[in-house]
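>>> Below are the sequence and a predicted model for it; my questions follow.
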Amino acid sequence: MEKLIQAIYGGIVYGSIFGMMALGLTLIWGALRMLNLAHGSLYLVGTYIAWALVTLLKVPMVPALLIAALGTAVVGFGMQTLFLNRILGKPGWDVGSLIVGVGVGMALDQSILLIFGPRVKQMPPLIPGVYKIGRVVINYNFLVVVAVAVISLVLLSIFLSKSRHGLAIQAVSQQPDAAQLMGIPTRTVFLIVMCISAALAGLAGALLSTVYQVQRESGANAMLMALVVTIFGGLGSVKGTIWAAYLIGLLQSFLMVYLGAGTALPGVFLFMMIMLVIRPSGLFGLGEAQRL
Amino acid sequence: MIQEESFSRQSMAARIEERLKPSAVPWSRLSVVPVVIALLVSLVLPWATDLLPFGKFVLHLLILFFLWGIVVQGWNLIMGVSGIFSFAQVALFAVGAWTSGVITQQLGWSPFVAMWFGPIAATFVAVILGLPTLRLRGAYVVLLTLGFQELFRNFTTQGPNFVAGGGYGLRYVPKFPFEEWVGGDKAQFLYYYLALVFFAIATFAIWRIFYSPIGMAFRALRDSEVYAISRGVSPFRYKLFLFGFVAFFTGWAGAFYVHWYGAISPAIMLFGTTINLLAMIVIGGWGSFWGPIAGCAVLTVLPEIMRAVEQYRILLLGIVLALVAIFAPEGLFPLLLRWVRKMLGRQT
């Protein structure tokens, strides 16, 4: 029973965090048809901005999180305007955007290393203290992380389905050409999508820095899990991504609790490979594998 | 208008014809003189480097160039020519290295025998990996191959002790017995010649595929899959063949690496190596034959010159990679070649 509670609790925490990372990837894929390999680096940018604000400048937690999200959005804005806009809509877009992502990600990672140094850093928790159910330790900090993640996911889905800009994003993801013909400024939409996606990655990074240690490798790991979730949920599908995030989160957590921490990553990958063979377009995929 | 179009189509057909025909007799394409000169130069090269004060180091770089040259050419064939976004090439390299290394360590076989099991294992793994992967496209392939690399890295750090060596990877792998044959100093020469032979064979095989009807089929698959299928090219079969074919040479390079260094660490499968190789292909020339080789040469030598500013080098490489993808999508080497030709043309 304790193990079960532990596993479910862990699954919900992981799922919320994966969801935030993966939603950014999925939005970019949906609108821009780009696999953004710089996503992990954007996550790192958020982490380090939050860390610098909280420990060096003594800014309180909540504004620090917001500024981290905003700062990462600015980096995403720069990436879009400086690099991606120049090859947008030209023939070699899929290859080009992939390589631009790798290059920008590499440059961001390395700048972070140059500025902050290689040492692993520690971030204070959002709210200290724990609550115990039997032997299961529930960290208040984790609960806050989950709450923030869920709130931002809900706000985002309301934004996507209700607001003008959200509807524009949906239209562009479904049919870019038709959307443009209907007078939607696609370039602005792309820019908005990039900023939202970057801000989500930054927020996830800032939130997670209170859970894990602040270190350079965490970006790549977070991106890998986000990729798994995005593909699992079906690229470009928001609903599928959120479902997949919690499913993968629970799977990882159950594997960790019942079979040991070392089996989590291989188990998730194996599960995903089998799943892709059986259902190549993901959980809620839209026949994407054929269209790609 | 219509006439113009049909004319251009005809000329296109003529051009394709021209490219296809000689491949029926591949050696006729190969002009003998440059090849012989290149071979002679590379045969004499170690003796020339011996005269230099830092000759040993140059030789080391040359061997590294041959090694990564094999991997990069193969990857270019997969990614640049046929458009499969595989990110598992370093993992296949490692599969070759680990197989050969473990066989020599555990069974006590000679490296010369074990060396052949590396590429065979790599091909086998590639085919197994290719079966689910190559039916998918684009982003899905990226993820599955990245995932495989991560899985294999995980296995080599946390697997059984004869594979992982407690997290350090393989150490004290038997080297090729060159030092016993010719003594310490000249042993590196023999490594060089062996690497040269590997590189020459791999380059020839890849060149052969590159300019053959099969190579044409790959390019057709990359540019318009629907058209290729309508002309009777089965995407899955062709891709699977290519995947296995390239994995053979990649695993071969891996097996050489492990018996040359005498050790291999799981850290080789971190994203950094993959990015470095990708940079070689992109900067050299995506999808061209000589581009990746040129890129490999530049990016093997450059880091050694820029050792002092190592950290800025990676930052710079990232930015250069992004800029090349934007402003010279076909790579710097073809651009340079065209520029040189233009200059020569203007003079004559």
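That came through, no problem. Numbering: from 1, shown residues only, chains lettered A, B, ... in the order given.
>>> avg pLDDT for the helix or strand B:Val36 falls within?
Here B:Val36 sits within helix B:32-51, counting by DSSP states H and E. On average, the pLDDT along helix B:32-51 is 82.
>>> Dump it to PDB, restricted to CA.
The C-alpha trace of helix B:32-51 is given here as PDB (Å, rounded to 0.1, in the frame of the first residue of the first chain):
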ATOM      1  CA  VAL B  32      43.900   6.500 -61.800                       C
ATOM      2  CA  VAL B  33      46.500   9.200 -61.300                       C
ATOM      3  CA  PRO B  34      45.000  11.200 -58.400                       C
ATOM      4  CA  VAL B  35      44.200   7.900 -56.600                       C
ATOM      5  CA  VAL B  36      47.700   6.600 -57.000                       C
ATOM      6  CA  ILE B  37      49.200   9.900 -55.900                       C
ATOM      7  CA  ALA B  38      46.900  10.000 -52.900                       C
ATOM      8  CA  LEU B  39      47.900   6.500 -51.900                       C
ATOM      9  CA  LEU B  40      51.600   7.100 -52.400                       C
ATOM     10  CA  VAL B  41      51.400  10.300 -50.300                       C
ATOM     11  CA  SER B  42      49.600   8.600 -47.500                       C
ATOM     12  CA  LEU B  43      52.100   5.700 -47.600                       C
ATOM     13  CA  VAL B  44      55.000   8.100 -47.300                       C
ATOM     14  CA  LEU B  45      53.300  10.400 -44.800                       C
ATOM     15  CA  PRO B  46      54.300   8.700 -41.500                       C
ATOM     16  CA  TRP B  47      57.900   8.800 -42.500                       C
ATOM     17  CA  ALA B  48      57.600  12.500 -43.300                       C
ATOM     18  CA  THR B  49      55.900  13.300 -40.000                       C
ATOM     19  CA  ASP B  50      58.800  11.500 -38.300                       C
ATOM     20  CA  LEU B  51      61.000  14.300 -39.300                       C
END
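>>> which residues touch that helix?
B:55-56, B:58-59, B:62, B:188-189, B:192-193, B:196, B:200 (CB atoms under 8 Å, 6 or more residues apart in numbering or on different chains). Glycine gets a C-beta too; all of them are placed from N, C-alpha and C.
>>> Could you give the separation of it from the chain centroid?
Taking CA atoms, centre = their mean, to the nearest Å, the mean C-alpha location of helix B:32-51 is offset from the chain mean by 22 Å.
>>> cool, stretch B:51-62 as well?
23 Å.
>>> Using neighbour counts, give me the buried entries of the contacts of helix B:32-51.
Neighbour-count burial (16 or more other CB atoms under 10 Å in any protein chain shown) applied to those gives B:58-59, B:62, B:188-189, B:192, B:196.
>>> Could you point out the longest helix of chain A?
If you go by DSSP state H, chain A has its longest helix at helix A:2-32.
>>> Briefly note if that helix comes near chain B.
Yes. In terms of CB under 8 Å from any CB of the partner chain, part of helix A:2-32 sits within range of chain B, namely A:Trp29.
>>> Mind giving me the packing neighbours of that helix?
In terms of contacts (3 or more CB pairs under 8 Å, 6 or more residues apart in numbering or on different chains; DSSP states H and E), helix A:2-32 is packed against helix A:39-51, strand A:136-139, helix A:140-162, helix A:164-174, helix A:186-209, helix A:218-233, helix A:238-259.
>>> quick one, what contacts the residue nearest to A:Ile184 when sequence neighbours are not counted?
Leaving aside its sequence neighbours, A:Ile184 sits nearest to A:Ala168 (CB to CB, 6 or more residues apart in numbering or on different chains; 4.9 Å). Residues counted as contacts of A:Ala168 (CB under 8 Å, 6+ apart) are A:179, A:184, A:189.
>>> which of the residues in the helix holding B:Val36 are buried?
B:42, B:45-46, B:49.
>>> Then stretch B:220-228?
Going by 16+ other CB under 10 Å, stretch B:220-228 has these buried residues: B:220-222, B:228.
>>> any idea how far chain B is from the residue lying farthest from the centre of chain A?
In chain A, the residue that sits farthest from the middle, by CA atoms, centre = their mean, is A:Gly134; the gap is 32.8 Å. To chain B, A:Gly134 is 30 Å away according to CB to the nearest CB, to the nearest Å.
>>> How confident was the prediction at B:Ile16?
The model reports B:Ile16 with a pLDDT of 56.
>>> on that earlier part again, can you tell me which of the contacts of helix B:32-51 are in strands?
Counting by DSSP state E, none of the members of those fall within strands.
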